[in-house]
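Engineer: The following block contains a protein sequence and its predicted model.
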Amino acid sequence: MVEKLFWKDAYLRDFSAKVTLVNGNSVTLDRTAFYPTGGGQPHDTGIITVKGKGHNVIEVVHSGDEILHILDSVDGIAPGDEAAGHINWERRNRLMRYHTAIHMLSATVSVHYPGSKFTGGMIYEDKAHADFDCPSLNRDIASKIVEELQQRISESHPVSSKFISPEEASLMPGLVKTKPGEELTKSLSEIRIVDISDVDIQADGGTHVANTIELGKVRLSKFDNKGAHRKRIEITLEY
Ligand SMILES: [Zn+2]
């Protein structure tokens, strides 16, 4: 099983590892800082250097207990080789900022609408959106919610993560926000939780910033009526 360095340190940009398998145009490593697509957060990009030659990482995906790094070429790479990984930090930093912002947005919506449900979201490098099952949410309220989100960001809340047992998790209602998440946590022996102090706590496998202040300025870039129930809030962070 691959060691997920991005869980230990979301700020790690360079790491060394050993190649465990080469298959087609993909390689697996014994440890990696490359985040694979999942939980609404897109994969990292970057470079894996083996024997002095750099290979572009064009996609990163889960495969069972392993993480596949899809490269532009695997020429000269063999199992057992030493590899040096380098993460495209500008992309990753944006993605983790947006990821953290979506948690906070979802938490802010549930303050206004305790019965609402976060039904899913998507993170990009330049925007992120979240969908809520919340019939009475409209553009004016969304605008007010994003103002509150800004306030919370500015309050400088620390963000941390840890692993807990499924038993501990079952005592924490609301830890899992989505249906697929519920199914997934049932199959795990330990559950990673991400805690934005005094704002939000949830089961989560993504990367996040260490403090909300890193999110900077946020604005409501779009409000979409996706149906009578489903409302979409899109936010943009300033760079
Ligand atoms: Zn998260």
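Structural biologist: Yep, it's here.
Engineer: The helix or strand hosting Ala83 pairs with which strands?
Structural biologist: Here Ala83, judged by DSSP states H and E, is contained in strand 82-87. Using DSSP bridges, the strands paired with strand 82-87 in its sheet are strand 14-23 (antiparallel), strand 46-50 (antiparallel).
Engineer: The lowest-mean-pLDDT helix or strand in the chain close to the ion?
Structural biologist: Confidence across the helices and strands of the chain bottoms out at helix 179-186, with a mean of 71, counting by mean pLDDT, DSSP states H and E. No: for helix 179-186, no contact with the ion is found by C-beta under 5 Å from the ion; the gap never falls below 10.6 Å. In short, each C-beta sits where N, CA and C put it, glycine included.
Engineer: Start the count at 57 instead of 1 going forward.
Structural biologist: All set: I'll call the first residue 57, so the last point we hit is now helix 235-242.
Engineer: In that helix, which residues are buried?
Structural biologist: Of all the residues in helix 235-242, those buried under the rule 16 or more other C-beta atoms under 10 Å are 237, 240-241.
Engineer: which one among these gets closest to the ion?
Structural biologist: For the buried residues of helix 235-242, the closest approach to the ion (C-beta to the ion) belongs to Gly237, at 10.6 Å.
Engineer: isn't that closest one right up against Ala259?
Structural biologist: Yes: with contact taken as C-beta atoms under 8 Å, Gly237 and Ala259 are classed as touching, separated by 6.2 Å.
Engineer: Quick check: beta-bridge partners of Glu138?
Structural biologist: Glu138 forms beta bridges with Lys74, as assigned by DSSP bridges.
Engineer: One more: the one 4 residues further on?
Structural biologist: Legend: beta-bridge partners of His142 under DSSP bridges are Asp70, Ile103.
Engineer: Looking at it now. What's its pLDDT?
Structural biologist: The predicted local distance difference test score for His142 is 98.
Engineer: so what's it up against?
Structural biologist: Taking C-beta atoms under 8 Å, 6 or more residues apart in numbering as the contact definition, His142 lies against 69-70, 102-105.
Engineer: Ends of stretch 223-242, what's the gap?
Structural biologist: Across its full length, stretch 223-242 reaches 10 Å between end residues, using C-alpha to C-alpha, to the nearest Å.
Engineer: one step back: centre of the chain versus the strand holding Ala139, how much separation?
Structural biologist: Distance, stretch centre to chain centre, for strand 138-143: 21 Å (C-alpha atoms, centre = their mean, to the nearest Å).
Engineer: Show the subsequent helix or strand relative to it.
Structural biologist: Sequence-wise, the next helix or strand downstream of strand 138-143 (DSSP H and E) is helix 145-168.
Engineer: ok, residues contacting the helix or strand following that following helix?
Structural biologist: Next in sequence after helix 145-168, counting helices and strands by DSSP H and E, comes strand 173-179. By C-beta under 8 Å, 6+ apart, the residues outside strand 173-179 that reach it are 96-98, 151, 154-155, 158, 162, 165-166, 184-190, 233-234, 286.
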